[in-house]
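Peer 1: Could you look at this predicted model? Sequence included:
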Amino acid sequence: MEFHKLNTLTISQQSAMTEFSTQPQHYYGLNPAIALTTNFHRYLPQTDDCAKRHVYTRASHPNFSLLERQLALLHSGKHATVFASGMAAISAVFCSFHQPNSTIICSDEVYYEVLQCLETLKSLAGIKTITVDACDTERVITTAASTDNVSMIYLESANNPSSRMADLPAIAAGIKRLKRNIPIVVDNTWLSPALYRPLEHGADVVIESATKYISGRGDVILGAVIIPNKSVFTKYHKRIKDWRQLHGAIASPFNCWLISKALETLPLRMERICNSAQIIAQTLSKVPCISRVLHPSLSTHPSHQLATKLLNGAKAGVIFFHVALDSNAARNLPFIIHPIIAATSYGDGHTLMQGGTSRYCGSTIRYPGDKEAGIADIPGYWFRLAVGLQEPGEIIRALLLGLARYLTTPLGHVVHVYKKINVIEIDLADNSDGVTLVPGDVLVTGTIDSSKEEIGFYQVLEPARTAASKSNTTLLMVKVPPGIKPGIFVRKFQNFNPNILA
């Protein structure tokens with residue numbers, strides 16, 4: 001994975017020597033120092049240039065400066081400003097670029113609190129918003145061309161939660177042709193600078209929530225704004241700095257110190273997470289009860305080709321998938337799968353999962369172009385899986401066990417397999433009342449309480465038929481794909497939507 005812009009060890013050491021030289025003993029450690037102080041010496045004769053730069057922590061701080069230089073260099077930018085959170089950074093950009101009666105053109109698929117922030121700013125400052133599908137390049141450009149006094153175009157480098165990508169180079173070229181100096185602001189949190197650096201693709205301002213991948217441990221909240229080396233943006237850099245100071249949206253020096261150290265492992269963590277996510281996505285795409293999987297590494301993803309081009313390989317750390325189950329039990333799936341944790345956010349070392357709420361309930365048809373692409377209209381629940389640092393096999397097994405253990409009912413054991421015609425005989429034992437199997441139903445094989453036995457998923461190909469056995473038990477004859485062995489236990493999904501084959 002390409003990550004050549006930042007030698008964090010070197011920068012950390014050099015910055016420590018320049019930023020932390022206000023004491024008689026200079027600091028020469030390999031790790032950056034931390035200054036846990038509110039005030040700095042100002043007028044003593046022995047104070048050096050560093051002390052004259054820093055007066056009060058709400059205005060500036062050595063650990064701010066260190067991290068800001070690291071992030072600016074990492075993004076090929078000129079200036080960076082760190083904030084208490086990603087939302088503080090976003091708010092600062094909205095307010096700093098605001099003009100009287102101006103309009104923000106915003107992607108319609110962004111972090112939902114961004115839209116809430118814009119609604120608040122509309123009532124407080126009169127900032128108007130137009131939402132568009134940022135993945136529709138022509139729509140973005142024509143909207144900008146037909147709208148007066150546009151203060152910015154705001155989008156995400158890849159959308160949350162679908163990982164759909166806007167064609168940033170094409171949008172930037174189209175906006176440049178308008179000759180109206182409309183800045184393009186890109187929130188790059190979903191991909192991180194290890195995968196994508198928007199300033200190199202036409203963006204004018206980059207926002208990072210370092211809370212996510214840049215930190216990587218789920219123990220820091222911090223945001224940043226990065227400005228390019230363009231003279232026209234110098235005034236905005238000052239406005240953003242002033243906004244932070246006047247509104248008190250300062251980062252913690254300790255959090256800055258943690259993230260300065262975390263940058264050293266960012267490329268390794270992202271490589272592990274993205275590789276695991278690709279393996280997991282490929283596996284989930286083969287599970288019959290999972291009706292849709294959105295990850296840019298899959299050829300079925302709407303932005304697969306663009307992501308392959310812009311990201312030097314279609315990478316992402318989050319998988320968005322749809323389970324074709326009408327059962328209310330499906331809503332609880334994130335809460336019952338160990339070691340996956342039911343939690344919001346992403347970029348943590350843990351694997352996090354959320355979904356099953358009204359926001360994630362609905363059809364597989366979710367985005368423009370889905371119908372044209374032949375996506376089936378299947379009800380169910382969407383889930384967002386933010387992959388962590390665990391082994392991908394561990395996560396896959398946890399997901400499959402969760403699906404099998406909590407969303408299925410037992411049928412019985414396979415007593416015979418007719419390999420030539422792909423038909424199995426299931427001894428229903430005491431589970432024979434009202435059992436029906438139709439094409440599209442999904443059977444699960446394996447002992448779900450076993451930590452070793454493989455879990456399998458098989459779609460029923462033809463309607464099942466029953467036959468009496470010599471032992472007066474009911475046998476169910478079912479045609480399924482090959483692979484099921486005699487003696488294995490079989491379960492059936494509850495309330496599964498059989499239209500998946502339609």
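Peer 2: Good, I have the coordinates.

Peer 1: any low-confidence regions in the stretch 401-502 of the chain?
Peer 2: 430-434, 448-453, 468-472, 497-502 (pLDDT under 70).

Peer 1: can you pull out the helices in it?
Peer 2: Counting by DSSP state H, counting those that start in this stretch, one finds no helices in the stretch 401-502 of the chain.

Peer 1: And for the chain?
Peer 2: Counting by DSSP state H, one finds helices in the chain at the ranges 8-19, 49-53, 62-74, 86-96, 112-125, 137-146, 168-178, 234-247, 253-262, 266-284, 304-310, 392-406.

Peer 1: Export those to TSV and append columns for mean neighbour count and distance to residue 461.
Peer 2: For every residue, glycine as well, the C-beta is placed using N, CA and C. What follows is the helices of the chain, written out as TSV (neighbours: other Cβ atoms under 10 Å; distance: least, Cβ to Cβ, whole Å):
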stretch	mean neighbour count	distance to residue 461
helix 8-19	18	55
helix 49-53	15	73
helix 62-74	24	53
helix 86-96	23	49
helix 112-125	14	41
helix 137-146	16	43
helix 168-178	17	44
helix 234-247	17	61
helix 253-262	21	50
helix 266-284	21	21
helix 304-310	18	29
helix 392-406	19	20
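
Peer 1: out of the ones you listed, which comes closest to residue 295?
Peer 2: helix 266-284 (3.7 Å; Cβ to Cβ).

Peer 1: Let me see the mean pLDDT of the closest one.
Peer 2: For helix 266-284, mean pLDDT rounds to 97.

Peer 1: counting contacts, what elements does that helix pack onto?
Peer 2: Contacts defined by 3 or more Cβ pairs under 8 Å, 6 or more residues apart in numbering; DSSP states H and E place helix 266-284 against strand 290-294, strand 318-323, helix 392-406.

Peer 1: Could you measure from residue 331 over to residue 440?
Peer 2: From residue 331 over to residue 440 the distance is 22 Å, taken as Cβ to Cβ, to the nearest Å.

Peer 1: Excluding chain neighbours, give the residue nearest to residue 360 in space.
Peer 2: residue 382 (4.1 Å; Cβ to Cβ, 6 or more residues apart in numbering).

Peer 1: wait, that neighbour sits on residue 319?
Peer 2: No. The criterion here is Cβ atoms under 8 Å, and residue 382 misses it with residue 319 at 10.9 Å.

Peer 1: neighbour-wise, which of the two wins?
Peer 2: residue 319 (27 against 23; other Cβ atoms under 10 Å).

Peer 1: for the longest strand seen in the chain, packing partners?
Peer 2: Scanning the chain for the longest strand, with DSSP state E as the assignment, gives strand 408-418. Judged by 3+ Cβ pairs under 8 Å, 6+ apart, strand 408-418 is in contact with strand 423-427, strand 442-445, strand 474-479, strand 489-493.

Peer 1: Please point out which parts of it sit buried.
Peer 2: Within strand 408-418, the residues that count as buried by 16 or more other Cβ atoms under 10 Å are 408, 411, 412, 414, 417.

Peer 1: Equivalent analysis for stretch 480-499, please.
Peer 2: 480, 484, 488, 489, 490, 491, 492, 493, 496, 497, 498.

Peer 1: Check the spacing between the fourth one and residue 349 real quick.
Peer 2: Okay, so that is residue 489. 35 Å.

Peer 1: among the helices and strands of the chain, which has the poorest mean pLDDT?
Peer 2: Within the chain, no helix or strand scores below helix 8-19, which has a mean of 46 by mean pLDDT, DSSP states H and E.

Peer 1: Tabulate the buried residues of strand 408-418 (CSV), appending distance to residue 270.
Peer 2: Compiled in CSV, these are given as follows (distance: Cβ to Cβ, whole Å):
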residue, distance to residue 270
408, 35
411, 43
412, 46
414, 43
417, 44
